[in-house]
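S.K.: what would the 3D arrangement of this be:
(one chain, ligands or ions: 1)
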Amino acid sequence: MTINISTATVRDAAALADCAAVTFPLACPPGSPPEDIQRHIDTHLSPERFAATIALPGHTVLCLREEHRIAGWSMVVLDQPSDTDVLAALSISPIVELSKFYVRPDHHGRGSAGALMAATLDLAGQSGRPGVWLGVNQENARAIRFYSKNGFRVVGTKRFRLGDRFEDDFIMEQALPARSTSTA
Ligand SMILES: CC(C)(COP(=O)(O)OP(=O)(O)OC[C@H]1O[C@@H](n2cnc3c(N)ncnc32)[C@H](O)[C@@H]1OP(=O)(O)O)[C@@H](O)C(=O)NCCC(=O)NCCS
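M.R.: Have a look, this model is predicted:
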């Protein structure tokens, strides 16, 4: 299996939507109504939304690529958080948000997610900001374990709206290594 990781362009929008439609439901708690999940996919993860998001300043999407499809994706956002629970929990500022992180199920447990995370943390570090944070559903034990073994720690909680319901997330953060600024 040959994979590589590179930044998305608008040409990737349809393939990203295809990957997101498969992977977003995997991150939802078992009791989530299927119609709420589908509405979220249709509204927030369409090819049009991906094309618009990729073009936004401060938003970078990374693609885990196979020959014929996108096997996973992540998104790094340079906006400072505005959610009061998030601001209260974080110990690092300014900070990068790891806003999305999804890998197709046939790649789980095979190291692909670790490779995407390494590239994502490297990208976050290129911002020069000293830390990165994310939100993860408290019932998503696999993702919490994955993030923990990739350097994140739980620093607080927040709520995430899916349809008419609120879901509980953990807030996780990690410090990023300082980058020396070259004077050469
Ligand atoms: C989260 C995700 C990227 C991790 O990738 P992965 O290839 O599954 O990760 P890994 O196999 O390297 O690590 C998962 C760890 O969780 C463990 N695990 C698996 N199922 C678990 C469970 N139900 N409870 C606790 N730990 C679990 C695995 O044993 C492994 O830990 P280990 O390496 O110590 O044995 C991937 O599962 C995914 O894309 N999931 C669906 C989308 C998602 O939830 N994204 C996160 C949104 S915030």
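S.K.: what residues does this protein have near the ligand?
M.R.: Residues of the chain found near the ligand (C-beta under 6 Å from any ligand atom) are 23, 26-27, 101-103, 108-109, 113-114, 136, 140-143, 145-146, 149. Using the backbone N, CA and C atoms, a C-beta is placed for each residue, glycine as well.
S.K.: 5 Å - rerun?
M.R.: Where proximity means C-beta under 5 Å from any ligand atom, the interface of the chain facing the ligand comprises 26-27, 102-103, 108-109, 113, 136, 141-143, 145-146.
S.K.: after the helix or strand of the chain with the lowest mean pLDDT, next one along is what?
M.R.: In the chain, no helix or strand scores lower on mean pLDDT, DSSP states H and E than strand 153-162, which sits at a mean of 89. Next in sequence after strand 153-162, counting helices and strands by DSSP states H and E, comes strand 165-175.
S.K.: what residues are up against the spatially most central residue of the chain?
M.R.: When C-alpha atoms, centre = their mean is applied to the chain, the residue found nearest the centroid is Lys100 (1.8 Å). Residues counted as contacts of Lys100 (C-beta atoms under 8 Å, 6 or more residues apart in numbering) are 61, 73-75.
S.K.: other residues contacting the longest helix along the chain?
M.R.: Looking across the chain with DSSP state H, the single longest helix is helix 112-126. Outside of helix 112-126, the residues within contact range by C-beta under 8 Å, 6+ apart are 3, 5, 60, 62, 64, 71-74, 76, 96, 98, 101, 103, 107, 132, 146, 150-151, 176-177, 179.
S.K.: could you give me the average pLDDT of that helix?
M.R.: Taken as a whole, helix 112-126 has a mean pLDDT of 98.
S.K.: buried residues in it?
M.R.: Residues of helix 112-126 classed as buried: 112-113, 115-117, 119-121, 123-125 (neighbour count, 16 or more other C-beta atoms under 10 Å).
S.K.: paired strands for the helix or strand just after that helix, with orientation please.
M.R.: Note on helix 112-126: by DSSP H and E, the next helix or strand toward the C-terminus is strand 131-137. Strand pairing for strand 131-137, using DSSP bridges, gives strand 96-103 (parallel), strand 165-175 (antiparallel).
S.K.: just say which of those is most tucked in.
M.R.: Highest mean neighbour count among the strands paired with strand 131-137 (mean count of other C-beta atoms under 10 Å): strand 96-103, with a mean of 23.
S.K.: show me how far it is from its chain's centre.
M.R.: Centroid displacement of strand 96-103 relative to its chain, using C-alpha atoms, centre = their mean, to the nearest Å, is 1 Å.
S.K.: so what's the gap between the least confident helix or strand of the chain and the chain middle?
M.R.: Taking C-alpha atoms, centre = their mean, the mean C-alpha location of strand 153-162 is offset from the chain mean by 14 Å.
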